[in-house]
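Engineer: Take this sequence and fold it.
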Amino acid sequence: MKTIAQFVEDRIATLSDLKDALQTAMQLEFSTIPPYLCAQWSINSDPGGVGGMIEDIVVQEMYHFALAGNMLTAIGGVPSIANATFIPSYPTNVLPGGILQKLPVDLKPLTPDQVQVFMQIEYPEFPPVALAARTGPATIGDFYDAIAEGFTTVNPAINASAFAVNSGEATPIKSIADAQAAILLIKGEGEGTEGSPNQPPTGNATFAHYYVFKEIYTEKTLVQDAAGHWSFTGAPIPFPTWFDFQQSTVTPSPSLAFNQALSQLLIGLQTCWTSGTRPSIGAMFTLQSLGTDLIQQGIRPEFLWAPPSA
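Structural biologist: Next up is the predicted model:
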């Protein structure tokens, strides 16, 4: 499968490439969820409500992942997520699709250093950085622009009755216009937003993820003055305390039940896209309970493929 840079350079002119790009988008969106969850679950004392801020981002990432899957099924593709190769290995300096990261992306507690990693993942696409990016790997924003253009170029037949996740922002794709709207939503809330590190774009109802993480890092809310200038000088956001945890070397792995719950969740989601079975809401709560319990024991949740029958 092509890298994101190749999709951006070659553009998307065939139905096969459009399907491959959306499968890559699913893996890219999913890759941020395990690090964000580990950070959220590690929070101990949280007077500033940081846990809720990260939870909101995780939920949006889940919706983005689901929207990419809905776009894929709408054009006749089948998401492939219930397998070991779909889940990234951590730590990694390369996100799915070949997006390079200077700071390694890993499963760690919520510390100021880890928030900097999250800011790196979500860094906005804006001049001159967007222009400088042309000398290296394409940005995530470039990738979604290529997908949007691909929908126009390929003009695929849309199956309005395709199986889809239908929850919150993750809605079925019934037209090309729905696909374009989904891409704009993903860009506006997540990576690829055109703006600047300190001046978010106007017109968005909420801040993109980068700005939320920078609020957490600076321990100040982002506010706008009378002249329209934004700065991280608002109300204080106390940084939470956290539970530390490490990778376990014990055999059998204490993460086995957690990994089985993760695998069952992915199996359930894939079944939703292949047969229309509604995914279990309880599966996510089970994963959270098991992950939080591991972290409070000082153990890193591993996020590995371990189907329950194994």
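Engineer: mind listing what the closest residue to Phe239 other than its chain neighbours touches?
Structural biologist: Of all residues not flanking Phe239 in the chain, Glu219 sits nearest, at 5.5 Å (CB to CB, 6 or more residues apart in numbering). Every residue, glycine included, has its C-beta placed from N, CA and C. Residues counted as contacts of Glu219 (CB atoms under 8 Å, 6 or more residues apart in numbering) are Gly48, Pro236, Ile237, Pro238, Phe239.
Engineer: cutoff 7 Å now
Structural biologist: Taking CB atoms under 7 Å, 6 or more residues apart in numbering, we find Glu219 in contact with Pro236, Ile237, Pro238, Phe239.
Engineer: Kindly write the PyMOL command that selects the buried subset of those.
Structural biologist: Selection of buried members from the contacts of Glu219 for PyMOL, criterion 16 or more other CB atoms under 10 Å:
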select buried, resi 237+239
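Engineer: CSV for the contacts of Glu219, including secondary structure?
Structural biologist: As requested, the contacts of Glu219 are arranged in CSV below (DSSP: H, G, I helix; E, B strand; the rest coil):
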residue, secondary structure
Pro236, strand
Ile237, coil
Pro238, coil
Phe239, coil
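Engineer: Greatest separation within the contacts of Glu219: which pair is it?
Structural biologist: Distances among those were taken as CB to CB; the most separated pair is Pro236 and Phe239, at 9.8 Å.
Engineer: Next, the closest residue to Thr32 other than its chain neighbours: secondary structure please.
Structural biologist: Computed as CB to CB, 6+ apart, the closest residue to Thr32 that is not its neighbour in sequence is Glu61, at 5.4 Å. Here Glu61 is recorded as helix under three-state DSSP.
Engineer: thought Glu61 was touching Ile33?
Structural biologist: Yes. Counting by CB atoms under 7 Å, Glu61 touches Ile33, with 5.4 Å between them.
Engineer: okay, those two: which has more neighbours?
Structural biologist: Higher neighbour count among Glu61 and Ile33: Glu61, with 23 against 18, using other CB atoms under 10 Å.
Engineer: And for Glu169, the neighbour number?
Structural biologist: Glu169 has 15 nearby residues by other CB under 10 Å.
Engineer: can you count the residues close to the closest residue to it other than its chain neighbours?
Structural biologist: With CB to CB, 6+ apart as the criterion, Glu169 has its nearest non-adjacent residue at 4.0 Å, and that residue is Tyr63. Neighbour count of Tyr63, defined by other CB under 10 Å: 23.
Engineer: measure Tyr63 to Lys214 for me?
Structural biologist: Tyr63 sits 22 Å away from Lys214, going by CB to CB, to the nearest Å.
Engineer: How about Asp293?
Structural biologist: Going from Asp293 to Lys214 by CB to CB gives 31 Å.
Engineer: Look at the two and report which has more neighbours.
Structural biologist: Taking neighbours as other CB under 10 Å, Asp293 and Lys214 compare with Lys214 leading, 21 against 15.
Engineer: Report the contact partners of the more buried one.
Structural biologist: So Lys214 contacts Met119, Phe232 (CB under 7 Å, 6+ apart).
Engineer: Check for me that it belongs to a helix.
Structural biologist: Yes. Remark: Lys214 belongs to a helix, assigned using three-state DSSP.
Engineer: And the one helix or strand Gln27 maps to, what's buried?
Structural biologist: Per DSSP states H and E: Gln27 is located in helix 15-31. The neighbour-count check on helix 15-31 (16+ other CB under 10 Å) flags 15, 17-31 as buried.
Engineer: moving C-terminal of it, what's the next helix or strand?
Structural biologist: Using DSSP H and E, the helix or strand that follows helix 15-31 in sequence is helix 33-41.
Engineer: Which strands or helices does that next one pack on?
Structural biologist: helix 50-74, helix 281-296 (3 or more CB pairs under 7 Å, 6 or more residues apart in numbering; DSSP states H and E).
Engineer: which residues are in contact with that helix?
Structural biologist: 51, 54-55, 57-58, 61-62, 90, 105-110, 114, 118, 288, 291-292, 295, 301, 303.
Engineer: what do you get for stretch 151-165?
Structural biologist: 12-15, 18, 66, 69-70, 73-76, 172-176, 179-180, 272-276, 279.
Engineer: List buried residues within the residues you listed.
Structural biologist: Buried by 16+ other CB under 10 Å: 12, 15, 18, 66, 69-70, 73-75, 172-174, 176, 179-180, 272-273, 279, out of those.
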